[in-house]
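Peer 1: I would like to see how this sequence folds:
(2 chains)
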Protein chains: 2
Amino acid sequence: MLAVAEARERILSALRPVGEEVVPLPQAVGRVLARPVIARLTQPPAAVSAMDGWAVRAADAQAGAMLRQIGAAPAGHPFAGQVGPGECVRIFTGAFLPEGADGILLQEEASADGVLVKVQESVQPGRWIRPAGLDFTAGETLLPAGRRLTARDIGLAAAANHPWLTVHRRPRIGILATGDEIALPGEPLPAGGIVSSNAHALAALVTVAGGEALVLPIAPDDPAAIAALARSGQGCDLLLTTGGASVGEHDLVQKALGPEGFALDFWKIAMRPGKPLIWGRLGGTPLLGLPGNPVSALVCAVVFLLPALAVLSGLPAAPTPTDRALAGAALPQNDRREDYLRARLSADGRVATPFPRQDSSMLATLARADALIIRPPHAPPLPEGAEVEVIRLGPLGI
Amino acid sequence: MLAVAEARERILSALRPVGEEVVPLPQAVGRVLARPVIARLTQPPAAVSAMDGWAVRAADAQAGAMLRQIGAAPAGHPFAGQVGPGECVRIFTGAFLPEGADGILLQEEASADGVLVKVQESVQPGRWIRPAGLDFTAGETLLPAGRRLTARDIGLAAAANHPWLTVHRRPRIGILATGDEIALPGEPLPAGGIVSSNAHALAALVTVAGGEALVLPIAPDDPAAIAALARSGQGCDLLLTTGGASVGEHDLVQKALGPEGFALDFWKIAMRPGKPLIWGRLGGTPLLGLPGNPVSALVCAVVFLLPALAVLSGLPAAPTPTDRALAGAALPQNDRREDYLRARLSADGRVATPFPRQDSSMLATLARADALIIRPPHAPPLPEGAEVEVIRLGPLGI
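Peer 2: Predicted coordinates:
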C-alpha cells in the first residue's frame, strides 16, 4: 500500500498543464493566466491631482494669497494652457496637472468666487499630486503566468488596456461511474439498486475547481461496456472512474482496461476512506480510478483530484492546503492507513470535532462536515485540545 | 457621514431575495437552495454489508466452523433466498444482507473453496452491517433552504433521488460606469483619458459571488445620457453605478437621476477609501452608487456589494466575514473614517502587513493585497504585533 504523499506525487509528476486559449477579459476571472499581463501604458500617464481643488504654483499659494482662476481641468478634459505666476486652474480628482503647476490647493482650504481664489492654508509643492506611473508603468509585468485571476486582477488587466487574456483552457475531465446497482437520479431504480451520486458530485467538484466535466453514461459491471465507455473518454485530459477498483470479485475496471492497454502505476494506497485508488494511463490519457463508495470517492477527490486539476490548469504542484485546529474530542491511536476524519468546526474555526461515526457510507455526514482531520499512519492517541492538521472544506468551495 | 455598519444595515434591510428557478442537479452547485432537499428514499434502504465476505448466522459462525455457501450477493444483485443453519452467502460491500443472516464473516478471516467456507475468526452479530437508514431516511430534510450548495451537497441530493433542484435565480446586477475620461480596454483612448477598469472588475466580482452581471455602455458626463442608461438597467435586481458620486462639480449621478424619481437614502459614509457612496431607489430598482476610483469601488464592493449579493441570492444578511491577524507594522491613530488598509499576509496567514503607500488610485497594490485591515473610526495607534480585524480576500474568491 502506497503512502498518500507518494501517491499524490506520482499523480502530479505525471501531469502537464493543458494548452492555452484566448478569452475576452470578463470571462477570464477564475482562470489561470498562461501568459503574463504586461502593462500597455503608464498609469497615471502624467502627474494627476489626488483631490478636488486648484492646481497652483506652490510658491504663490501661501496662506492669505489671492490667485486668479484661468480655467478648469475636470478628469478627462486636460487644461491646455500653462499656470503662470499668481494664477490657478480649477482641478478635480484624477485630472492631469496643468503645466506650470506644482501643488494642489484643496477645495476645503480656499474660498472662491469663480474668478479669484483666496488661499487659506499654504500649499506644499508635490502634495496631493500622484506622479506619473504611481500605479504602474508601461512594460511592467502586472500579473505573472500561472496566477488564478481574481476580480481585482481583471480590473488591473483592464486598466493596463487588455481586452483579451491568454489563459489555460479548462481541463476536460471525463467521469465514468460503474456498477450494475446504480441509476441516475429520477430514473427507474433496479431492485437492490442505489441512486448514483458519485458522477455528479465529482462533476460539481471539477466545475468548482475550474475544470470542465464530461459525465459519461453509467457503465454496467461488464468489461466490454466499461472498455467501450473508457475509450470514448480518451479525448479528455484526465479520465476519472468510480467503483470497480477494490479487490473483490466484482472489481472490474482493471480487468476491463487491461486488454485496452491500460498501464497501471498503482492501485492501493494506505488511506481511509479510500484504500482502492487506481492510477495509470489509458493510451495517452491519465486515468484516476476512485473508489465506488461516495464518501471515499469525494475524500480521495479532495486529496488527489484537486491538486491534479491545479496542475492541469497551470498552477504549481502542491497538496490540498491544510491548516491547524484543536481536536474537539480525544482521538484514538491510528493504524497504518492515513485517516481523514469528517469533522465539524466551531464557529470561530479553531476546534475540529470529528463526527462520532465515521462510516464511509455516510454521505449526509460528509455534506455536513466543515473539515477533514488528517491522522497520519500510526499517529499516537491524542487528548481533546491537541493540535491536529485539517483540510478546511469551505474555502475550497466544494 | 454615515458609519459603515449603519450604511450596510440600511442597504441589506432594503433588499429581498430574488425568485426561484428549477435547475438540473449538476447546474445547482454554488447556487442557493430556495426549497429544502427532502430525502425521497431511505439510504441504505435495508441492512447492507460494509465489507466483502460472507453473510452468516453469527451463532453458527464461530471459529473453526465450516459453512456451506449457497449463493452470492454482489451489490445490485440481492440474494433471493434465505440463509439457514450452517449456511452462508458470498457478499460484497454495499449488498443487501440476505434474510436469515445477522453477521458478516470477513474475507480475510475465512478460507473458502467455492462450496465450503471455514471460519477463522468468530463473527459478532450485527458487526460490519450498516442498518437501514444509516445515511438518511425518507422524509428527512437533508439540505435546508438558504444553503449555498457544495459539490458534496450535489452528491447528497443525487443520492436522495433529486434530478432537479429549486434554487434562487442568479441576481441580475446592472453595472453603469460613468465618465467622459474613460474608454473600454483596447478602444481608442481620448486625450487625458484612462482605460475603464471598474465595470469589468465589478462584473467579475458579481460573477464570482453568484450573480449575473449586465455591463451597460459607459455613460458620458451628461445627465441625459446617464438617465437614459440608468433607465435601461431598471429591469435588474440592483443597479450599480461607478463614478459621479462625490461632491465635486462633475459628480452627476444624483443630478441625472433626480428628475427620474431617484429616491436617495444616503450618499456619504465615514469610510476610506470610498467616502462617496450613494444608496437609494430608482423606481423599483435598488441603486448602489460606488466611487469612480477603482480601488475605492472595489473595496466598497467587498464591504457592501458582497453582503447585498448574498441577501439577493437568498443567504442570511451578514457583513463580509472578518478574521483576526497580527499587525505587521505599527499603525497610526485613525481619524473619523473607518479605514480599510490594503495588506499582505504572511505565508501562515497570521501577520497582516499594510502596504506602505495606501493611495486609493493604486490598483496594482490592491491586486497584490491578500487582506484588508479594518481600522475603526478613531482607533488608537497600535504597535507592531497588535491584533487587528481583517477581511481575507483569497477565500472570497475575488
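
Peer 1: show me where chain A has helices.
Peer 2: Shown for chain A, the helices assigned by DSSP state H span residues A:4-13, A:151-159, A:198-208, A:223-232, A:253-257, A:294-300, A:306-313, A:363-368.

Peer 1: closest to A:Pro188 out of those?
Peer 2: Closest approach to A:Pro188 among the helices of chain A (CB to CB): helix A:198-208, 17.4 Å. All C-beta spots, glycine's among them, are computed from the backbone N, C-alpha and C.

Peer 1: any bit of that closest one sitting next to chain B?
Peer 2: Yes - using CB under 8 Å from any CB of the partner chain, helix A:198-208 reaches chain B at A:198, A:200-205, A:207-208.

Peer 1: Run a quick neighbour tally on A:Lys118.
Peer 2: Residues lying near A:Lys118 (other CB atoms under 10 Å in any protein chain shown) number 14.

Peer 1: returning to that earlier point: need the buried ones from the residues of helix A:198-208 next to chain B selected in PyMOL.
Peer 2: To isolate the buried ones among the residues of helix A:198-208 next to chain B in PyMOL, judged by 16 or more other CB atoms under 10 Å in any protein chain shown, type:
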select buried, chain A and resi 198+200+201+202+203+204+205+207+208
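
Peer 1: which among the residues of helix A:198-208 next to chain B gets closest to chain B?
Peer 2: A:Ala201 (2.9 Å; CB to the nearest CB).

Peer 1: and the stretch 1-150 of chain A, which of its residues are near chain B?
Peer 2: Checking the stretch 1-150 of chain A against chain B by CB under 8 Å from any CB, the hits are A:25-26, A:29-30, A:41, A:43-45, A:48, A:50, A:52, A:74-78, A:92-96, A:107, A:130, A:134-136, A:142-143, A:150.

Peer 1: what distance separates the lowest-mean-pLDDT helix or strand in chain A from the middle of the whole chain?
Peer 2: The helix or strand of chain A with the lowest confidence, counting by mean pLDDT, DSSP states H and E, is helix A:253-257 at a mean of 84. Helix A:253-257 sits 34 Å away from the centroid of its parent chain (CA atoms, centre = their mean, to the nearest Å).

Peer 1: which strands and helices sit next to it?
Peer 2: Secondary-structure packing of helix A:253-257 (3 or more CB pairs under 8 Å, 6 or more residues apart in numbering or on different chains; DSSP states H and E): helix A:223-232, strand A:262-268, strand A:276-282, strand A:285-290.

Peer 1: if we can go back for a sec, going by mean pLDDT, which of the helices of chain A comes out lowest?
Peer 2: Lowest mean pLDDT of these: helix A:253-257, a mean of 84.

Peer 1: Go through that helix and flag the buried ones.
Peer 2: A:253-254, A:256-257.

Peer 1: quick one: contacts of it?
Peer 2: A:178, A:222-224, A:226-227, A:230, A:241, A:243-245, A:262, A:264, A:267, A:278, A:282, A:287, A:289 (CB atoms under 8 Å, 6 or more residues apart in numbering or on different chains).

Peer 1: I figured A:Pro74 hits B:Gly193, correct?
Peer 2: No - counting by CB atoms under 8 Å, A:Pro74 stays clear of B:Gly193, with 11.8 Å between them.

Peer 1: shared neighbours of the two, anything?
Peer 2: Listed as contacting both A:Pro74 and B:Gly193 by CB under 8 Å, 6+ apart are B:180-181.

Peer 1: quick one, which of the two is more surrounded?
Peer 2: Legend: neighbour count by other CB under 10 Å for A:Pro74 and B:Gly193, higher for A:Pro74 (22 against 19).

Peer 1: any idea how far the more buried one lies from A:Arg127?
Peer 2: Separation of A:Pro74 from A:Arg127 (CB to CB, to the nearest Å) stands at 21 Å.
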